[in-house]
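1. below are the sequence and a predicted model; questions follow.
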Amino acid sequence: MASKAAREEEFLSQFNVMKCDMPDELKQKAFDVTKEAMDNNTTEKDIATAIKQAFDKVDEGLSTWHCIVGKHFAVSITHAAKYIIFFTVRTHTVLLFKSED
């Protein structure tokens, strides 16, 4: 049986980042929160909600984060500088960004 660290490394190798403009610690948080959300939820809506709620807590309600999880979509958005990540994991695409207030 694979160790927890090996399973974690295998999961992280599944991430394909297409665009990232955020600090490394937030990028890692995005990966960790996404893994937890995908482990605990089955629908794309629930995965996106879990990710959004986790990131809304980062700024303690001072900003608004948005999260879209799906299988086939592209985007063109305005976002706050340094606060966007767009990636695929498993069969899903995730867009997470903080909007300008």
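-> Arrived safely.
2. for whichever helix or strand residue 48 is part of, which outside residues touch it?
-> For residue 48, the host element (DSSP states H and E) is helix 44-56. Contact with helix 44-56 is made by 29-30, 33-34, 36-38, 40-41, 64-71, 92, 94, 96, 98, as judged by Cβ atoms under 8 Å, 6 or more residues apart in numbering. Yep, even glycine has a C-beta here, placed from its N, CA and C like the rest.
3. looking at those residues, which are in helices?
-> Within these, residues falling in helices by DSSP state H are 29, 30, 33, 34, 36, 37, 38, 40.
4. kindly reformat those as CSV containing distance to residue 6 and neighbour count.
-> Formatted as CSV, these follow (distance: Cβ to Cβ, whole Å; neighbours: other Cβ atoms under 10 Å):
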residue, distance to residue 6, neighbour count
29, 22, 18
30, 22, 22
33, 21, 21
34, 19, 26
36, 18, 14
37, 21, 21
38, 18, 20
40, 21, 10
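5. any idea which of those is closest to residue 77?
-> Distance to residue 77, by Cβ to Cβ, is smallest for residue 30 among these, at 16.2 Å.
6. quickly note the distance from the residue nearest to residue 38 when sequence neighbours are not counted to residue 39.
-> Leaving aside its sequence neighbours, residue 38 sits nearest to residue 47 (Cβ to Cβ, 6 or more residues apart in numbering; 5.8 Å). To residue 39, residue 47 is 10 Å away according to Cβ to Cβ, to the nearest Å.
7. more crowded one of those two?
-> For residue 47 versus residue 39, the count of surrounding residues by other Cβ atoms under 10 Å is larger for residue 47: 23 against 10.
8. and the pLDDT at that one?
-> As predicted, residue 47 sits at a pLDDT of 98.
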